[in-house]
Structures are given as structure tokens and as C-alpha cells.
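>>> quick one: sequence and predicted model below, then my questions.
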Amino acid sequence: MVIKMEIGRAFLIRAPEDSELPKFVEDFAQKKRIEAGIINIIGTLKDTKLGYFNSEKGKYEEIEVHGMRELLSAMGNLSLKDNVPFAHIHAVLGDDRGNTMGGHLLYGKVFVAEIFILELKGEKLERRKEGSLYLWPSTPIH
Ligand code: ZN
């Protein structure tokens, strides 16, 4: 299934200190009626919870990261889940030695977050439950 889309609006915004990052992006998307898009974020997080998807258990193992980390790179997308915007974001964090770790961003308490959202408009991109994950339709190449 190919979902046809084209580029819509572009937003460059900063999340307020102490906001919760994936939730802030989802709330902003809902307010601006962004149903699909591409997300790109850099900044600094105070506390972070990363996820590693354990496919055997069918759930995320949680990795708690306490204290300030550079949010070196977070990328993701927006789609609809249960008819509201859902942000799927992966993050790479850096510590004071330049060491990195990363994963699926489950939670992030913002110190600074500079967020770029590029809206995609077109057919609805909806996540549906498939096994233990919420996925949008796959695209077979014939
Ligand atoms: Zn993920």
C-alpha cells in the first residue's frame, strides 16, 4: 500500500523547559492539526527514558537515564493512532564525555528542545495494532 503525500507546512519551535518531549510534540501537532510529518529535534534533556523493543517479549525494555544529556539527534515521524497525532521518535543522547546511547524515546524532560516538524499532507497515515506493535500499512514492491 502506497500512501500518497506532499509537503505541507514547516514549523521550527522550542519546547518550554520541563515539558515532556513526545507529549509536547503530540500536543502541538494536535493543536495545529498536523496528521503526518517528519520530526527532527536537538537540545538537552534533564531526564530521559529510552526503550529497546524486545521482540520476544513483545514490549519495550525501559532504559532510565537520570541527569542532563545532550539530545544529539532525535528523529521521527507523526502519524495517526486512534485518530490523534502519535509521535514516533528515536533519540541519541550524549554524556559529558561524549559517550552516546540511544533508543526509542519513551519520555524526555526538556531543558532545551529545538524542534523541526515538516508536515506531510495527503491520504491518512494510520497506525493499527499488528501483533504487539502499532504500525502503518507496509508497502510491497511489485
Ligand atoms: Zn521506535
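On my side now, so go ahead.

>>> count of neighbours near residue 86?
Neighbour count of residue 86, defined by other C-beta atoms under 10 Å: 20. C-beta: built from backbone N, CA, C; applies to glycine.

>>> just list whatever residues bridge to it.
For residue 86, the beta-bridge partners are residue 79 (DSSP bridges).

>>> and it, what pLDDT?
pLDDT, residue 86: 97.

>>> that one contacts residue 79, correct?
Yes: using C-beta atoms under 8 Å, residue 86 is in contact with residue 79, at 5.8 Å.

>>> what's near enough to touch residue 24?
If you count contacts by C-beta atoms under 8 Å, 6 or more residues apart in numbering, residue 24 has them with 15, 16, 110, 113, 115.

>>> three-state assignment of the residue most central in space within the chain?
The residue lying closest to the centre of the chain (C-alpha atoms, centre = their mean) is residue 89, at 2.2 Å. Here residue 89 is recorded as strand under DSSP: H, G, I helix; E, B strand; the rest coil.

>>> any chance of the contacts of residue 24 in TSV, with secondary structure, pLDDT and neighbour count too?
Below are these laid out as TSV (DSSP: H, G, I helix; E, B strand; the rest coil; pLDDT from 0 to 100; neighbours: other C-beta atoms under 10 Å):
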residue	secondary structure	pLDDT	neighbour count
15	strand	98	22
16	coil	98	9
110	strand	98	22
113	strand	98	23
115	strand	98	20
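
>>> now the two most distant members of those residues.
16 and 115 (11.4 Å; C-beta to C-beta).

>>> pull the number of nearby residues for residue 13.
With other C-beta under 10 Å as criterion, residue 13 counts 14.

>>> that one contacts residue 110, doesn't it?
No: in terms of C-beta under 8 Å, residue 13 does not count as a neighbour of residue 110; the distance is 11.8 Å.

>>> surely residue 41 is within a strand?
Yes: using three-state DSSP, the assignment for residue 41 is a strand.
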